[in-house]
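Undergrad: Could you work out the structure for the sequence below:
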Amino acid sequence: MLLRHMGASDRKEISMITVNHLTKCYGNCIAVDDLSFEIQDGHIYGVLGSSGAGKSTIMNIIAGCLPATKGWVYIDGCDIFNNPMAVRRLIGYFLEHLPLLCMNDTPTEYLQSVGEAKGMKGADLQKQIDSVIELTGIGSVRKRMISTLSKGYKQRVGVAQALLGNPKLIVLDEPTVGLNLIQTIEFHNLIRKLGEMYTILFSSHTFSEVQAVCEQVMLLSKGRLVAFDTPDNLGKLLKESNGIFFRVKAEKAAADALMKEKEFSTVWESTDQGDGTTSVCVKACEDDIRELYCRLFLSFSRNGMSIFEMTTRTIQAGQF
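TA: Numbers count the residues shown, from 1 in each chain. Reported below is the predicted structural model:
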């Protein structure tokens, strides 16, 4: 079978990725902090977080490009640390930047090299190259040098190489960075199409993007899992609520100062928890509570204040 085509009726809830107590440290810096989650086969999952949230570190560990400090990761039941070569055959990893050495190649030549490196050859390799070229929509540029292609087409070539070898899991680490609006929309359409055939792990720093293409979203802050839910459920919860509660790793004075500086709301209260964290309850003063949710999360994270918990609440009149 050339590609792993899977219809909705054929899907079974099988664990594709299981992560248990995963930790990654760089010296004294904790990039991933005791992370555990499980994703099922045949769906599109989003990993959302600002810069420094741990997205790329997690993606690289899952793809077998980085070792972990602690913890376990299983891909389709296979331990990635004890059986790295077997796991790599299960994964197609998107390269944000294509290798410089391939810039003078055509997409066909580059895919030929990648396929051979993955152990394919002969008629099987040629069939797979033709198939991934058609699937990713790069047929019109297959004979042009990669260096002359637009960013959008280069990203598609990156996806095409990830599909070679008939993997089960496709890992896409921020694939739309640098794309214009039209290219981004086209790339989202491609991801949705691939989601009918593969399990996809897709990272982004934009909530609207993962909301547009993903079936479930993991929200990260400083290497910790803050939330894990479907975009629809999260959207409904946010629409029904008029307030946001979160607990942040910061002294009360620092949390209060950032709330005032960014003018998130004129109605809010904070409580020192006595353990180096502060709980904050914010009443939304804008129509789109989802936008406030994202702005709070991103602003506190960018200022080095990890959010350990974040939920929406219904604030009764006169509560503050």
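Undergrad: going forward, measure contacts and count neighbours with C-alpha atoms only.
TA: Will do.
Undergrad: Which stretches in this structure count as strands?
TA: With strands called from DSSP state E, the chain shows them at 15-26, 29-40, 44-48, 70-75, 78-79, 91-93, 169-173, 199-204, 216-221, 224-229, 243-248, 268-272, 278-283, 307-313.
Undergrad: Just name the most buried of these.
TA: Highest mean neighbour count among those (mean count of other CA atoms under 10 Å): strand 44-48, with a mean of 27.
Undergrad: average pLDDT across that strand?
TA: Throughout strand 44-48, pLDDT has a mean value of 93.
Undergrad: All further residue positions should be reported with the first residue as 16.
TA: From this message on, residue numbering opens at 16, which makes the last subject strand 59-63.
Undergrad: Just want the angle from that strand to strand 184-188.
TA: 30 degrees (axes from the mean of the first three to the mean of the last three CA atoms, to 10 degrees).
Undergrad: Check which helices and strands strand 59-63 sits against.
TA: Helices and strands touching strand 59-63, by 3 or more CA pairs under 8 Å, 6 or more residues apart in numbering; DSSP states H and E, are strand 214-219, helix 222-228, strand 231-236.
Undergrad: tally of neighbours for L126?
TA: 27 (other CA atoms under 10 Å).
Undergrad: picking that back up, out of the strands of the chain, flag the one nearest A269.
TA: For these, the distance to A269 is smallest for strand 293-298, at 9.3 Å, taking CA to CA.
Undergrad: before we move on, the earlier item: dump the strands of the chain into TSV; add distance to L194 as well.
TA: Shown next, in TSV, are the strands of the chain (distance: least, CA to CA, whole Å):
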stretch	distance to L194
strand 30-41	29
strand 44-55	27
strand 59-63	18
strand 85-90	30
strand 93-94	35
strand 106-108	19
strand 184-188	14
strand 214-219	13
strand 231-236	22
strand 239-244	27
strand 258-263	32
strand 283-287	38
strand 293-298	34
strand 322-328	29
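Undergrad: any idea which of those strands scores lowest on pLDDT?
TA: strand 322-328 (a mean of 82).
Undergrad: quick one on the thing from earlier: between the strands of the chain, which gets nearest to Q127?
TA: strand 106-108 (15.5 Å).
Undergrad: strands paired with the closest one, and their directions?
TA: Strand pairing for strand 106-108, determined by DSSP bridges: strand 184-188 (parallel).
Undergrad: Please compute how far the strand it pairs with lies from its chain's middle.
TA: Per CA atoms, centre = their mean, to the nearest Å, the displacement of strand 184-188 from the mean C-alpha position of its chain is 8 Å.
Undergrad: Can you say which of the helices and strands packed on strand 59-63 is nearest to M160?
TA: M160 lies closest, by CA to CA, to one member of these: strand 214-219, at 27.5 Å.
Undergrad: Which other helices and strands does the closest one contact?
TA: The contact analysis (3+ CA pairs under 8 Å, 6+ apart) places strand 214-219 against strand 59-63, strand 184-188, helix 222-228.
Undergrad: gap between A177 and E53?
TA: 22 Å (CA to CA, to the nearest Å).
Undergrad: swap that for L216, please
TA: For L216, the distance to E53 - CA to CA - is 12 Å.
Undergrad: Also R262?
TA: Counting by CA to CA, the gap from R262 to E53 is 24 Å.
Undergrad: Export the helices and strands packed on strand 59-63 as TSV, with columns for distance to R157.
TA: As requested, the helices and strands packed on strand 59-63 are exported to TSV (distance: least, CA to CA, whole Å):
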stretch	distance to R157
strand 214-219	25
helix 222-228	27
strand 231-236	34
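Undergrad: Show me the one of those that comes nearest N35.
TA: strand 231-236 (15.0 Å).
Undergrad: And the closest one, what does it pack against?
TA: strand 59-63, strand 239-244.
Undergrad: Can you tell me which of these is nearest to F202?
TA: strand 59-63 (14.0 Å).
Undergrad: quick one: that closest one to chain centroid distance?
TA: For strand 59-63, the distance to the chain centre is 4 Å (CA atoms, centre = their mean).
Undergrad: got the contact list for that strand?
TA: Residues lying outside strand 59-63 but in contact with it, judged by CA atoms under 8 Å, 6 or more residues apart in numbering, are 54, 70, 207, 210, 214-222, 225, 228-235.
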